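Colleague: Predicted model, plus sequence, below.
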Amino acid sequence: MYPKYPYWGKECKCEDQPITFPPQHQAKQPGLEYLMEPRPICENPEYTGSRKLMGKIAVITGGDSGIGRAVAIAFAKEEADVAVVYLNEDRDAEETQARIEELGRRCLLIRGDLRDEGFSCEVAGRTLDCFGKIDILIHNQAVQYPQDSILDISREQLVATFETNIFPHFYLTKAVLPHLCPGSSIISTASITAYRGSEYLIDYSATKGAIVSFTRSLSISLAPRQIRVNAVAPGPIWTPLIPSSYPAWYVETFGLETEMKRAGQPFELAPTYVYLAADDSRFVSGQVLHVNGGVITQT
C-alpha cells in the first residue's frame, strides 16, 4: 500500500546531508515523517551489523519515526527483534515495520497512549506474548510546545508535557522490570536542553532534566540486579517533532547554531543506542552520552 521504505541510498555520502530545510509546519504533534521534506535519514546503508544484539528483544517507544525508527533499524541490523510502540502514526509505523522485516527481523507494532498507565502493562504483555522475553527498553517518546514566556505555559500544556515525556518512564519501567534479567539495558532519550536549557522550551527542558535524574537514580537502584540504565542527550535532530512544534520560518535555520553548523540526522544517533544496549558497555551505567554536533555541555 505504501512505497518501499525510503532508506538512505547507497549512492549518498555524508556530505549529501541537507544543511538547511525548506519552511514547513505540521499542525499536530507528534508529527508525521512521511510528510516531511526532506525525509529524515534514518538508515546508513554502510552500517553493517556484527551480531551485537543477536537474539535480543527490544521495546522502543516512539519507534515509528525519527530517532526511534533509526534505533529500531540499527537494532535489527544487529539481529534484535523489536516492539515499536507509537501513538497513532500508522503509516510511519508500517514503513518502519516493513524495513525491519526486509532486514529479516520481526517487528511488533503496538499502538496506544503511554500517558495511560494501563497501556504500559499492555505493551509488556503483548511483547512477552509475541517474543517470550524483553531484554532492552528504550524510552523515546516526547512532545514539546515552544512558548515565548513561562507566562504562556498553561496548566494543560504543563500536564501534557510531563505526562508524555517523563511519566511513561515510570509506568513502562515498572511494567517491564519484573521481566528483565541480568545484562538487560534501559536507555532513555534525554536532550541537550537538560544541560543548556532553552528559553522557549522551559517545561520540555524540565522533563529532560528529570530524565537525566531518573537515569542516574534508577541505575543505582538496579545495579545489584546487573541491569544497566543510561541515556542519550541529542542536540538538534531532524525528526517529525521539529515541523510539528515550530513555525515554518524557524525550520529554515534549524540546527545552524551547533558548532558543526547543521542539524543531525537520526541515523547519526543509532550507533550510540547500540553501544549502550550491547555488552560493549557492560561497565557503563548511570551515564548520559551527548550526540549534539559539537556543543560543549557540563555533565
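Modeller: Arrived safely.
Colleague: list the buried ones in stretch 180-190?
Modeller: Along stretch 180-190, these residues count as buried under the neighbour rule (16 or more other C-beta atoms under 10 Å): 180, 184, 185, 186, 187, 188, 189, 190. Where you see a C-beta, it was placed from the backbone N, CA and C, and this is true even at glycine.
Colleague: One more: stretch 107-114?
Modeller: When burial is assessed from 16+ other C-beta under 10 Å, stretch 107-114 yields the following buried residues: 107, 108, 109, 110, 112, 114.
Colleague: Residue 231 in helix, strand or coil?
Modeller: Following DSSP: H, G, I helix; E, B strand; the rest coil, residue 231 is assigned to strand.
Colleague: ok now stretch 89-108, how far from the chain's centre?
Modeller: Per C-alpha atoms, centre = their mean, to the nearest Å, the displacement of stretch 89-108 from the mean C-alpha position of its chain is 16 Å.
Colleague: Repeat that for stretch 68-79.
Modeller: Going by C-alpha atoms, centre = their mean, the spacing between the C-alpha centre of stretch 68-79 and its chain's C-alpha centre is 11 Å.
Colleague: Next: stretch 26-36.
Modeller: Averaging C-alpha positions (C-alpha atoms, centre = their mean) puts stretch 26-36 16 Å from its chain's average.
Colleague: now do the same end-to-end measure for it.
Modeller: Distance between the boundary residues of stretch 26-36 (C-alpha to C-alpha, to the nearest Å) amounts to 9 Å.
Colleague: before we move on, what about stretch 35-55?
Modeller: By C-alpha to C-alpha, the extent of stretch 35-55 from end to end equals 34 Å.
Colleague: Would you mark the buried spots in it?
Modeller: Residues 36, 40, 41, 42, 43, 44, 49, 52, 53 are the ones in stretch 35-55 that count as buried (16+ other C-beta under 10 Å).
Colleague: The last one contacts residue 81, doesn't it?
Modeller: No: taking contacts as C-beta atoms under 8 Å, residue 53 lies outside contact range of residue 81: 9.3 Å.
Colleague: just checking, residue 109 touches residue 87?
Modeller: No: Residue 109 is not in contact with residue 87 according to C-beta under 8 Å; the separation is 11.7 Å.
Colleague: Would you enumerate the residues in contact with residue 176?
Modeller: Applying C-beta atoms under 8 Å, 6 or more residues apart in numbering, we find residue 176 in contact with 59, 120, 123, 124, 134, 137.
Colleague: hmm, which two among the residues you listed are most spread apart?
Modeller: Distance extremes for the contacts of residue 176: the farthest pair is 120 and 134 at 12.1 Å, using C-beta to C-beta.
Colleague: ranking the contacts of residue 176 by neighbours, who comes first?
Modeller: Of all the contacts of residue 176, residue 137 has the most neighbours under the rule other C-beta atoms under 10 Å, reaching 30 neighbours.
Colleague: List phi and psi for that residue.
Modeller: Here the main-chain torsion angles of residue 137 (degrees, to the nearest 10) amount to phi -120, psi 120.
Colleague: Just give the closest residue to it, not the sequence neighbours.
Modeller: residue 186 (4.8 Å; C-beta to C-beta, 6 or more residues apart in numbering).
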